[in-house]
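S.K.: need a 3D model of the sequence below.
(chains A and B)
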Amino acid sequence: MRIGKVHSWKKVLAQLILLVLPTVLFFFYLLWDLNRFYTILENEWIRQGCYFMAGIVITTVFYAYRFRFITTAALLFLIYYGIYKYVGSISIGEFDAFYLSVQFIIFTFLFSLGWLTGFGFSRSKYFTIFWSVLLLVTQIIVVSKTTDIKVNVLISAFAPVLAYSFYIIYTAELIRNMNDDETRFGWFIIKRITGFLLVLLVMFLVIFNIFKNDFKAIEKEWGNAQAKYDKGDSKGENMNQKDKDGNMSNKDQTKLSGSLSKDKQLVFVAKLDNYFDDGKTPNPLYFTSCFYTKFDTLTQTFERDSLMPYNDLYEPDPSRIPLYFAKWDSTVIKNTFATKNRKIITADIYKVMLAPSKYLAPSTAFFCQPMSVPKEYKEQYKSTYRAKMWVSDLNSAYFIYNPAGNKMLEQFQQLRFNKLREVKKIKGPDKKFMDYYTFMPNNEDYKKITQLAKQITANAPTPIDKMIAIRDYFLSKDDFKQPLFKYSDNPGIPGMPSANKLTYFLFENRKGYCAYFAGATLFMLRSLGIPSRVAAGYLTVDRSSKNPGWYWFYANQAHAWTQVYFQGYGWIDFDTTVPDMNTHQATQPDGTPPTNMPQTYLVADGEVQEVDETKKQIKMTVEKLLYHDKDYVTSKAKEMTIDVSIATITADTGAVKLSSIKKGIHITAVSFSEALKNILADKKDSLASILTKLPVPVPIDEIKVMSKEQLKKLKKKNNEQQSAPIDWIKVGWIVMLIVTALVILLFMCPWIIWQYLNIKAKRINASKAYNSYRASLYYLNQLGYSRDSKGPQEYAYLMDLKFNTNFNAFSNVYQKVKYSSVPLSEAEEKLMNDFYKPFIKQVRSKTKLKTRFSKFLNIYNTIHYFTQPKIN
Amino acid sequence: MEEQNGQLEQTLANIQKLVDNVETVIRGKRMQIQYVLTALLAKGHILMEDNPGTGKTVMAKTLAKSIASEKGGEASFKRIQFTPDLLPMDLIGSHIFDDVKKEFVFKKGPLFCNLLLADEINRASPKVQSALLECMAEHQITMGETTYPLEKLFFTIATQNPVEMEGTYPLPAAQLDRFFIKIYFGYVDEETELNIYKDYLGIQNNLDNIKQVLSMKEILFLQDQTERVFIHDEIIAGVRNIVRDTRKHADIVLGASTRSGITFLKCLKAFALVNGRTFVTEDDLNQLTSAVLDHRLIYRNKEAKQKALASILAKELDRLSRLKITTNANTYGQSPL
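M.R.: Numbers count the residues shown, from 1 in each chain, chains lettered A, B, ... in the order given. Okay, here's the model as predicted:
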């Protein structure tokens, strides 16, 4: 039996190279992407991709012959069944059988998918559309499962799918419509596809150009992310992260891993105005960077959660706030639910290695005011800001450290515990809060932790007693009078790769670094129904008796600890990490604190209008003014001339020259000048009237440059913050609008083409006959009277019968124009020129408007018009 | 030239008259009449295939009666009914002993005429068939040592019964090739048939009193003019494409030959003249492709017979209809009419 071919080998080859290859590549990408999300795939995307590839390649070749789908698919199904039975019979043991059957299901699914796809490419006309929609839906589902939706996630998820879909639909159609007996088949295909790719490229370039700035921002974000991964991978775990400028900040997540690497660079210096009741003993507070409220049990990683209920984390970007202008957010205070024993204190943070955009402060900070670093310290400290916090009296870094010797501290501890003992049972503001902060993974390991917690705290009546009991458990000694738990930066990993590291830490190894202690404490507390979370930031160590209230923070002080919620008192820090006994860290030599902060009299914020480098004067507009600590804002910017001869000019990146200041740049000018000391403002004064009082030019000591880009970003960020949780309804609307517009455009296609042909046909020129004939043919075709295989005369005759027109006469003239060497007679010329308009009018009058309208929506008629018939 | 053109216009009008004339007798068969005239003008022969009683013979008779011979009177018309026992001599003629002259003289057979109706050609034995076809191709008869030319205007209308019928010797492909055009006569439509029944006496009367509208000379003139009909390069390319496509088509076992292509071109030109045109159009191609090529092709199966050529033609028509030709400055060195 000879089996006929559906496609020639040329077509099959074209399909393999142009359809199957991109599909397989794309599928590899998709599988790789899915493997990150679904553990069942077990990171074997290469093998799984091969399953798919096998399916699609085999079928593309197979179905190029005239095979029936249903019979062959049934055969395939039988083979599957046979293999399944066989696998069932050879596998020994339950685990084996399960593993094999899962693998077999994955294989079956992917191979069948490849099989179907190959069949679709080979035989079905509409398959590519269905296939594209399927992939899009898959991506939508995958993205919807992702918790943190960022631009880059969306782009990486949808851009390849969309590009692939466009490509595959176009190319499949192209190959399908090819006449493979065309002598230059390959050349034709290459030409078309190159053209298509060029169009695609131009489209992407245009989009890229329009959104250049946004992309740059994304690119930067990606760059950082890359750096983060590099650090994380190279050296075990690190509590800090460095950006590309070498600036540090806490990481967004902390993984429980085998080792922790630390270094000893100075990160920042802070002055904290928090003292015990005696007014002179400093009460250090941990500096919080963020909260880890989520724990990924699979990767054993603590993560931030942007959807944390009652978010009390204030995260401004100090580098984006003009010097001396304060920014605050009082909702964080409200979200602490703390009313008792709270006070507002101030901290000044001097950044050394800390990233300019990073904001760190003790818990429940709500205020940020960037300030200028005094001149003599400029080289030492990059920038500084003042933070204000809503701090609990009961909070203190002293919890684990034995306050031995210091009576005052002992008393404080007792007082604190007694106060908190008043809370017999912890009640959150609502159920959502409690559910969120007492969430435990449901699994054997965590049941063990629960048991341990219950056992330890059996005798503790109140939550604080339970807390103390847990602390004491970590500090307890074993039978040999050795500490039960030891601090270690390299606790090692359990033998089983995926074993729970927390239970390993609690029950077997008993060695770990801060994240282990914090994590274990967290789950013990949560198992007891006490709402708690892990805070990340920097450990505050009071080493200096010289400068009370000043603290130095080194990179190895990056830390994680537990926070517990007590109603009325709010979140309170409890650190259960035991002191590191082995390595006695050399106390870092604390430096001299930056003092002599000069009094600022004037801070002006606005745009540069004119720079005079010889006179060292700048003319600027003032939008916001801070004068003798009073805030003035105007909607109409006023001009002011400033003298910058002694001013230091800085940007985020460091000192810059006067010449780099250009018109339009946003600056903040600060003056400490004594000349302004005695020019006081009245109550009635407005921004404009103050400016008139000032000397010209105003002496300025410091200028902070904010580039335009930054400002734009700042504005954008503000806008974004306003619509903080992405408004999905709005996004939905936009997507719907775009889709609707595209659909409308698609349906208007026939009409637009018709308009084009119509306009051309109405012109009188050399190709009048051709244009008229073409337009008439198109119009009739669109109305459902296609020419098909009829000859011109036959067709025209039928149309004349239908519409009572003189199409036949015109058609004959047109044929004469086309094929004859004889010039037209005058009558024929006239007929040719006067034919078109009355003809269309006549056809119109014979067709109902409704019919015409519906026919013109029918894109298939249009496609039919343009498709060339094939020999069969 | 001017004069010739005037004469051409006159004769073109006469052709239309001829068509109309024949149509008074053969109702509802305008297309077939045109095909017959096309074969006539292209200096070819025509084969008609259909069941008995569809008007093939009447058609030939009417045509002969409509053409005036040079000597006055109508063109000479002979009809041979082919039967299995027919011998080549019955066609060609034979030598008969003349008693007076005491020698053999050649007695001309029915082939020496202007219009020959070879009825039911496929009922005769292959020997007779080939004798006839030889004459048609060579335009002369060689008998012994003497060669006798046939008439200047020699046109054969052969009819055959559908091959499936009993008692037939199907013509081989090579011989079918000698016929420029093969048409199917077919039954007329309902209305026309009713008209025929109502008026069969009138039709008989028309046949008896048919007018001679075209002279033999005019026909010969038109045959000469056929070669000068303008044919556009794209149409020639179209003919080439169609011929080549028949060779490539999967369902066609034997495609069209180059000779068929040339015949096709001749027929196209003649058909244009029959339609009163001096140039060939897409329509000519559309209407002639099947008539000229179909009987030269051998198909794989019946289904293919209906579809293959039609789809080849449809593709070519589509190509031609999309062409944008605005200048008509191309000739094959032909003097334009």
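
S.K.: my guess is residue B:109 contacts residue B:95. True?
M.R.: No. Counting by C-beta atoms under 8 Å, residue B:95 is not a contact partner of residue B:109; they are 11.3 Å apart. (Glycine included, C-beta is placed from N, CA and C.)

S.K.: who has more neighbours, the two?
M.R.: Taking other C-beta atoms under 10 Å in any protein chain shown, residue B:109 and residue B:95 do not tie; residue B:109 has more neighbours (20 against 14).

S.K.: got phi/psi on the closest residue to that one other than its chain neighbours?
M.R.: Closest residue to residue B:109 apart from its sequence neighbours, by C-beta to C-beta, 6 or more residues apart in numbering or on different chains: residue B:93 at 3.3 Å. The phi/psi pair for residue B:93 (degrees, to the nearest 10) reads phi 110, psi 180.

S.K.: residue contacts, residue B:93?
M.R.: Each residue near residue B:93 by C-beta atoms under 8 Å, 6 or more residues apart in numbering or on different chains is listed here: B:106, B:107, B:108, B:109, B:111, B:112, B:141, B:143.

S.K.: what sits against the fourth one?
M.R.: Residues near residue B:109 by C-beta under 8 Å, 6+ apart: B:89, B:90, B:91, B:92, B:93, B:94.

S.K.: can you rerun that using 7 Å?
M.R.: Residues near residue B:109 by C-beta atoms under 7 Å, 6 or more residues apart in numbering or on different chains: B:90, B:91, B:92, B:93.

S.K.: from the stretch 201-350 of chain A, which residue is nearest to chain B?
M.R.: Residue of the stretch 201-350 of chain A nearest chain B, by C-beta to the nearest C-beta: residue A:202 (28.4 Å).

S.K.: so that residue, which state does it fall into?
M.R.: Here residue A:202 is recorded as helix under DSSP: H, G, I helix; E, B strand; the rest coil.

S.K.: check what pLDDT it gets.
M.R.: pLDDT for residue A:202: 82.

S.K.: now do the host helix or strand of residue A:748: distance to the chain's middle.
M.R.: Using DSSP states H and E, the element containing residue A:748 is helix A:728-762. Offset of helix A:728-762 from its chain centre (C-alpha atoms, centre = their mean, to the nearest Å): 31 Å.

S.K.: toward the C-terminus, what is the element adjacent to it?
M.R.: On the C-terminal side of helix A:728-762, the nearest following helix or strand under DSSP H and E is helix A:768-782.

S.K.: residue ranges with poor pLDDT in the stretch 751-872 of chain A?
M.R.: Scanning the stretch 751-872 of chain A for pLDDT under 70 picks out no residues.

S.K.: how about the residues of it by chain B?
M.R.: Contact residues, the stretch 751-872 of chain A versus chain B (C-beta under 7 Å from any C-beta of the partner chain): A:766-767, A:770, A:789, A:791-793, A:815-816, A:818-822, A:868-872.

S.K.: one more: chain A?
M.R.: Applying C-beta under 7 Å from any C-beta, one finds that chain A approaches chain B through A:181, A:766-767, A:770, A:789, A:791-793, A:815-816, A:818-822, A:868-872.

S.K.: gap between the residue nearest to residue B:109 and residue B:69?
M.R.: 20 Å (C-beta to C-beta, to the nearest Å).

S.K.: circling back: which helices and strands sit right next to the helix holding residue A:748?
M.R.: Contact here means 3 or more C-beta pairs under 7 Å, 6 or more residues apart in numbering or on different chains; DSSP states H and E; on that basis helix A:728-762 packs against helix A:768-782, helix A:849-857, helix A:859-866.

S.K.: before we move on, the earlier item: filter the residues of the stretch 751-872 of chain A next to chain B down to the buried ones, ChimeraX style.
M.R.: Per 16 or more other C-beta atoms under 10 Å in any protein chain shown, the buried members of these correspond to this ChimeraX selection:
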select /A:767,770,789,791,792,793,815,816,818,819,820,821,869,871
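
S.K.: let's see which of the residues of the stretch 751-872 of chain A next to chain B end up in helices.
M.R.: A:770, A:792, A:793, A:815, A:816, A:818, A:819 (DSSP state H).

S.K.: need the residues you listed in TSV with distance to residue A:158, can you?
M.R.: TSV is the format used below for these (distance: C-beta to C-beta, whole Å):
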residue	distance to residue A:158
A:770	44
A:792	49
A:793	53
A:815	52
A:816	56
A:818	50
A:819	53
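
S.K.: hang on, the earlier thing: winner for burial among the helices and strands packed on helix A:728-762?
M.R.: Greatest average neighbour count among the helices and strands packed on helix A:728-762 goes to helix A:768-782 (a mean of 23), per mean count of other C-beta atoms under 10 Å in any protein chain shown.

S.K.: for the residue in chain A that chain B sits nearest to, what are its contacts?
M.R.: Nearest residue of chain A to chain B: residue A:791, at 3.1 Å (C-beta to the nearest C-beta). Neighbour list for residue A:791: B:282, B:283, B:286, B:287, B:317 [criterion: C-beta under 7 Å, 6+ apart].

S.K.: out of the residues you listed, name the ones that lie in helices.
M.R.: Using DSSP H, the members of the contacts of residue A:791 that fall within helices are B:282, B:283, B:286, B:287, B:317.
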